[in-house]
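*Asks:* I need the structure of the sequence given here:
(one chain, ligands or ions: 3)
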Amino acid sequence: MLDKINFYQTGSNTVGNRLLNPAMRSIQASVDRPNSLISGHRACQGCGEALGARYAIDAAMRATNGQIMVVNATGCLEVFSTPYPESAWRLPWVHSLFGNTAAVGSGLAAAAKIRAMKNGDTNVPRIIAQGGDGGTTDIGFGPLSGMFERNDDVLYICYDNEAYMNTGVQRSSATPPAARTATTQLVGEHPGADWGRGKSVPLIAMAHGIPYVATATVADLRDLEAKVTRAMSFHGARYIQVLVPCPLGWGLKSNSTVTVARAAMESGFFPVFEAEYGKITSVRKIRQKQPVLNFLKMQRRYAHLTGKKADPNVVARLQALCDTNIKNFGLLGDDEPNGVPTAIQAYERSNRV
Ligand SMILES: Cc1ncc(C[n+]2csc(CCOP(=O)(O)OP(=O)(O)O)c2C)c(N)n1
Ligand code: SF4
Ligand SMILES: [Mg+2]
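*Replies:* Ligands and ions are numbered 1, 2, ... in the order given. Next up is the predicted model:
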């Protein structure tokens, strides 16, 4: 008897899957894809930020019929894509300072609206502001909170690689505990980044009550595309934080960017969810639960936790953070979020001696 042929790809959401119904295909599977961020830029091989930005901005272009203007904070994304006088962007794109991206986005949104009103034009360009975690969670945080509070019509995308990569891997308020960076060395009682510090900007964004907040990773690019598309269906302030592993800063093999992002998601290290007007509306469930050790083992920034001299208590502490995320966000099975999820930092702070 002949073996049954299984077209495994037919029902999968594999990026580039041309066997799917056209309406369900990734924009990258289409010959008409906008190619907003074109090849030839100078990102490192395997850069998660380049991958995330390409998918996010192409999805926004599709959702708005190409009516997008982008403001970009200083950081790797700006430096590798736009070494003056060249640029790999193929859409209207403005370089801002490191800390004022959200403010420039707010100004552009107001200008676009007024210009359209004056001209009787109904086709108002939509604005996206984007930057790294340092530019977003630290230096640009004030303008970002202002943009949220005024409900300015801007989608802000933070590409979170958990440190200031462009200037040599310094710690940001998105750097997770125990990670080695240039400014959190392996010294003292608790080597690497401090415990009980940092902040969750997605949860802070939710507390502003803005129309849309989401997290995503480059391990699920269809999910990222869907979230950007959903974000563009709202007016007002919106925020998406995308986990984008950085081979250089995390000490990864350049072909493991997606694998490590998946481990972050499947261990509960980086909870993936979306929220509307301050309430969680969906959670991307863990499909194949992984221990946090899988995530740690792939990265040299965590080599001190996986070698012979590793302290198992530190790994257990990181596992406890993941378990707290799993519980708080309801990441497993039919579990519901546990009331208003709290940041993992709250767990650590409340357990401090
Ligand atoms: C006011 C100011 N301070 C410092 C810098 C130097 N600087 C440029 S990019 C950067 C780090 C960017 O980190 P992040 O926002 O996380 O983006 P990444 O490079 O990691 O993608 C720093 C510190 C600057 N350009 N402006
Ligand atoms: S340092 Fe990291 S974020 Fe910057 S271009 Fe290289 S891989 Fe991308
Ligand atoms: Mg960064």
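
*Asks:* for this protein, what are the low-confidence residue spans?
*Replies:* Where the chain drops to pLDDT under 70, the residues are 1-19, 339, 352-353.

*Asks:* domain assignment for it?
*Replies:* Here the domain parsing of the chain from automatic domain parsing is 1-28, 34-350.

*Asks:* who wins for proximity to ligand 3 among these?
*Replies:* Closest approach to ligand 3 among the domains of the chain is made by domain 34-350 (3.5 Å; C-beta to the ion). From N, CA and C alone the C-beta is placed, and that goes for glycine too.

*Asks:* Could you give the separation of the closest one from the chain centroid?
*Replies:* 2 Å (C-alpha atoms, centre = their mean, to the nearest Å).

*Asks:* returning to what we had before: make TSV out of the domains of the chain and add mean neighbour count.
*Replies:* Shown next, in TSV, are the domains of the chain (neighbours: other C-beta atoms under 10 Å):
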stretch	mean neighbour count
domain 1-28	12
domain 34-350	20
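
*Asks:* can I get those domains in JSON lines with distance to ligand 3?
*Replies:* Listed next are the domains of the chain as JSON lines, based on distance: least, C-beta to the ion, whole Å:
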{"stretch": "domain 1-28", "distance to ligand 3": "24"}
{"stretch": "domain 34-350", "distance to ligand 3": "4"}
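
*Asks:* and of these, who's closest to ligand 1?
*Replies:* With C-beta to the nearest ligand atom, the closest approach to ligand 1 among the domains of the chain belongs to domain 34-350: 2.1 Å.

*Asks:* Check whether stretch 197-208 comes near ligand 1.
*Replies:* No. Contact of stretch 197-208 with ligand 1 is not found when judged by C-beta under 6 Å from any ligand atom; the minimum separation is 12.1 Å.

*Asks:* tell me the phi and psi of the closest residue to A193 other than its chain neighbours?
*Replies:* Closest residue in space to A193, ignoring its immediate chain neighbours: T184 at 4.2 Å, by C-beta to C-beta, 6 or more residues apart in numbering. Backbone torsions of T184, given as degrees, to the nearest 10, read phi -130, psi 80.

*Asks:* residues touching Q185, list them.
*Replies:* P191, G192 (C-beta atoms under 8 Å, 6 or more residues apart in numbering).

*Asks:* How about Y212?
*Replies:* Contacts of Y212 by C-beta under 8 Å, 6+ apart are R230, A231, F234, R238, Y239, E274, A275, E276.

*Asks:* In this structure the third one contacts K227, no?
*Replies:* Which is F234. No. In this structure, F234 is not within contact of K227 by C-beta atoms under 8 Å, at 11.5 Å.

*Asks:* What backbone torsions are found at A216?
*Replies:* Torsion angles, degrees, to the nearest 10, at A216: phi -160, psi 170.

*Asks:* Any idea which residue is closest to the centre of the chain?
*Replies:* V242 (0.8 Å; C-alpha atoms, centre = their mean).

*Asks:* and that one, what element?
*Replies:* Using DSSP states H and E, V242 falls within strand 238-243.

*Asks:* For this structure, which segments count as strands?
*Replies:* Under the criterion DSSP state E, the chain contains strands at 68-72, 93-95, 126-132, 154-160, 212-217, 238-243, 273-276, 279-283.
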